[in-house]
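**Q** My questions are about this predicted structure, shown below with the sequence.
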Amino acid sequence: MHRIGIALTAGLLCIALPNTSRAGFPTERFTSYADIQIKSPAVQCTLWIDAAGIETLQQLDRDGDFEYSSDEMNAARYFITLYLQRNFLVMWDQAIRPHKIGAMDVARRAGSDRTYFRVEFRVTDLPPGQSVSIASRILSELTPEARTYAKIRFENREELYGLGPTRYFSTDRAERPLPPDSTFRPESQHGRIASVGDWSVEMLYALPERAFYLYTLTNDPHTPMGVGDGSIEVSIQPGKEGPYRPVRLAAKPLPGDKPGMTSRFTLVDPQFAAFTTFNADIRIGRGAAMKRVIFEFPAVTIPERSPGGAKTTRRGCANLCPGVDLNSPPSDKCPRCNGRLLPLNGDTAPGLHMVGAHGGMLLGYGGAGERFEGLITTDSEFRLYITNEMLETLPLKKLTGSMLFAADERFQDSAVEIQARKGPDGRYLFATLPPTASLPLHVRWLFDFNDGEGASQVDFLIEEAVQVPTPASQPSTSQPVAASQPASKPAN
């Protein structure tokens with residue numbers, strides 16, 4: 001059997017960390033970063049929010065240069081202050097606590113050339129020993145892939161947490177009732193969501209519990225919409241064949257549901273235990289206000305909740321390097337920046353399976369857990385590594401191939417093919433770019449492991465070069481690769 005070639009498009013971005021560079025990733029503009037300290041009498045936070053993401057929500061920069069005048073910064077401060085109060089929630093005693101905004105400016109994070117709003121704020125009057133919950137929906141209006149990647153210090157501990165539209169942090173690991181005025185919904189379990197008008201429903205069959213769950217939502221699939229019914233009748237077709245069977249799901253309110261209004265309903269019924277796929281016919285409401293939707297929904301395996309203080313084997317970088325989300329790593333150092341690794345909980349680290357250890361873009365090729373990492377260096381080389389899920393560089397074995405360079409994705413008239421050679425340390429293959437090459441550049445890697453399974457290919461689109469240290473024994477004599485756009489332009 002031949003390996004199946006795949007194609008993926010991604011851009012590479014330069015950064016300024018010493019001895020390292022990294023790639024960008026498709027959801028980078030929707031990724032925020034936070035440094036949080038929880039210690040009575042206050043929660044203190046420094047937050048970086050991508051300026052391009054904020055500008056998508058509210059135009060603040062009139063000329064689009066990501067350089068903000070005093071008037072523009074005043075407008076940004078007003079908008080972001082209100083936005084964070086709604087979308088970055090610090091909570092205890094079933095109440096959302098107000099932010100006290102301090103410094104706010106425009107900055108670049110170490111490790112990225114993107115433009116961010118850097119916001120410092122405090123949440124005061126935190127009693128000693130008080131459990132705290134933190135939720136973030138920053139930029140989730142733009143995509144469900146929005147994440148806030150946070151380093152959190154509390155109770156003499158330090159850990160990383162991936163805050164997302166459905167994952168929130170608590171200092172004691174326990175489920176805490178969320179305030180009734182919170183729009184944050186922590187209960188999505190990746191069921192099927194169907195929308196009708198200004199409302200939605202999510203339905204799933206939870207394993208191993210073997211229980212049906214139905215959630216009523218607004219047209220924003222992360223916001224609960226309570227209904228006054230004590231139960232909801234649903235007709236379910238097990239296996240998606242045969243007659244529908246009417247059942248009634250009982251109300252099981254979420255912590256944030258208002259009294260008398262429920263957004264979660266559930267049922268355990270042994271007659272469905274042998275099935276894993278279903279169709280549902282759902283009616284909510286009465287008379288002319290009744291809503292009806294028919295759709296397929298899946299069985300979903302629900303992971304057990306970690307008990308308080310449970311240890312995690314996942315590790316991420318203390319410097320918040322994207323893509324570093326390692327399960328039981330062999331070292332306590334980040335494979336990219338050599339920084340410390342910390343326990344990681346919540347959603348996956350941004351850029352997971354997208355950014356390689358050398359700053360390149362990761363593409364799967366068919367090997368179990370293995371990927372190619374491709375990048376263009378500032379010394380005009382295209383380099384190709386093999387890496388694994390721990391971002392370790394693997395032996396090349398009998399890998400050979402050639403690299404096809406072109407200005408367009410069809411690889412036609414202007415395409416130049418160059419045979420790959422081993423690098424000085426034997427850990428990567430490379431080809432020097434044609435003299436006419438400029439960025440962005442399409443690169444097709446035509447490869448063969450010479451194991452009898454045949455040849456295949458993967459395609460890269462590389463938008464910027466990254467700086468990779470040149471081995472002392474092999475000084476570079478190449479000319480820097482030309483860019484079709486000024487290198488100093490912000491990557492937003």
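**A** Nice, I can see it.
**Q** May I have the phi/psi pair for E72?
**A** Backbone torsions of E72, given as degrees, to the nearest 10, read phi -70, psi -40.
**Q** Now do the SS call for I54.
**A** Going by DSSP: H, G, I helix; E, B strand; the rest coil, the secondary structure assigned to I54 is helix.
**Q** Now do the nearest residue to it once chain neighbours are set aside: how many residues are near it, please.
**A** In space, and not counting its chain neighbours, I54 is closest to F117: 6.1 Å by C-beta to C-beta, 6 or more residues apart in numbering. In this view, the C-beta of every residue, glycine as well, is placed from N, C-alpha and C. Counted with other C-beta atoms under 10 Å, residues neighbouring F117 total 24.
**Q** same thing with R283?
**A** Residues near R283, counting by other C-beta under 10 Å: 14.
**Q** got it, and the one 4 residues further on?
**A** Number of residues near G287 (other C-beta under 10 Å) recorded here: 5.
**Q** Same question for R62.
**A** 11.
**Q** Could you do N338 as well?
**A** 14.
**Q** Okay, now the unreliable bits of the stretch 251-400 of the chain?
**A** 255-256, 285, 302-311, 367 (pLDDT under 70).
**Q** My guess is the residue nearest to I54 contacts I49. True?
**A** Yes - between F117 and I49 there is a contact under C-beta atoms under 8 Å: 4.8 Å.
**Q** Spell out which residues are contacts of both of these two.
**A** Counting by C-beta atoms under 8 Å, 6 or more residues apart in numbering, the residues touching both F117 and I49 are I80.
**Q** follow-up on the earlier one: next up, the contacts around the residue nearest to I54.
**A** F117 is in contact with W48, I49, A51, I54, A76, I80, M104, D105, V106, counting by C-beta under 8 Å, 6+ apart.
**Q** List buried residues within the residues you listed.
**A** Neighbour counting by 16 or more other C-beta atoms under 10 Å classes W48, I49, A51, I54, A76, I80, M104, V106 among those as buried.
**Q** how about those, which pair is most distant?
**A** Pairwise distances across the buried ones among the contacts of F117 peak at 13.8 Å for W48 and A76 (criterion: C-beta to C-beta).
**Q** Which residue ranges make up the domains of this protein?
**A** In terms of domains, the chain is parsed into 6-10+354-483, 27-185, 192-301 (source: automatic domain parsing).
**Q** Rebuild those domains as CSV, extending it with distance to T312.
**A** Converted to CSV, the domains of the chain look like this (distance: least, C-beta to C-beta, whole Å):
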stretch, distance to T312
domain 6-10+354-483, 16
domain 27-185, 8
domain 192-301, 19
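**Q** Select, out of those, the one closest to V324.
**A** Closest to V324 of the domains of the chain, according to C-beta to C-beta: domain 6-10+354-483, at 7.0 Å.
**Q** about what we covered before: would you format the contacts of F117 as JSON lines with secondary structure included?
**A** Shown next, in JSON lines, are those (three-state DSSP):
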{"residue": "W48", "secondary structure": "strand"}
{"residue": "I49", "secondary structure": "strand"}
{"residue": "A51", "secondary structure": "helix"}
{"residue": "I54", "secondary structure": "helix"}
{"residue": "A76", "secondary structure": "helix"}
{"residue": "I80", "secondary structure": "helix"}
{"residue": "M104", "secondary structure": "strand"}
{"residue": "D105", "secondary structure": "strand"}
{"residue": "V106", "secondary structure": "strand"}
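**Q** Tell me where the model's unsure across the stretch 51-200 of the chain.
**A** In the stretch 51-200 of the chain, residues with pLDDT under 70: 111, 173-190.
**Q** any chance you could map the helices in it?
**A** Under the criterion DSSP state H, counting those that start in this stretch, the stretch 51-200 of the chain contains helices at 51-57, 70-87.
**Q** mind listing what M290 touches?
**A** R283, I284.
**Q** Next one: it from I232, what distance?
**A** Distance of M290 to I232, given as C-beta to C-beta, to the nearest Å: 11 Å.
**Q** what's the overlap in contacts for those two?
**A** R283, I284.
**Q** Counting neighbours, show which residues of the longest strand anywhere in the chain come out buried.
**A** Secondary structure of the chain per DSSP state E: the longest strand is strand 291-301. The neighbour-count check on strand 291-301 (16+ other C-beta under 10 Å) flags K291, V293, F297 as buried.
**Q** next helix or strand past it?
**A** Moving toward the C-terminus from strand 291-301, the next helix or strand (DSSP states H and E) is strand 314-317.
**Q** What is the next helix or strand after that following strand packed up against?
**A** Towards the C-terminus, the helix or strand next in line after strand 314-317, according to DSSP H and E, is strand 325-327. In this structure, strand 325-327 packs against strand 314-317, with contacts taken as 3 or more C-beta pairs under 8 Å, 6 or more residues apart in numbering; DSSP states H and E.
**Q** residues contacting T436?
**A** S414, V416.
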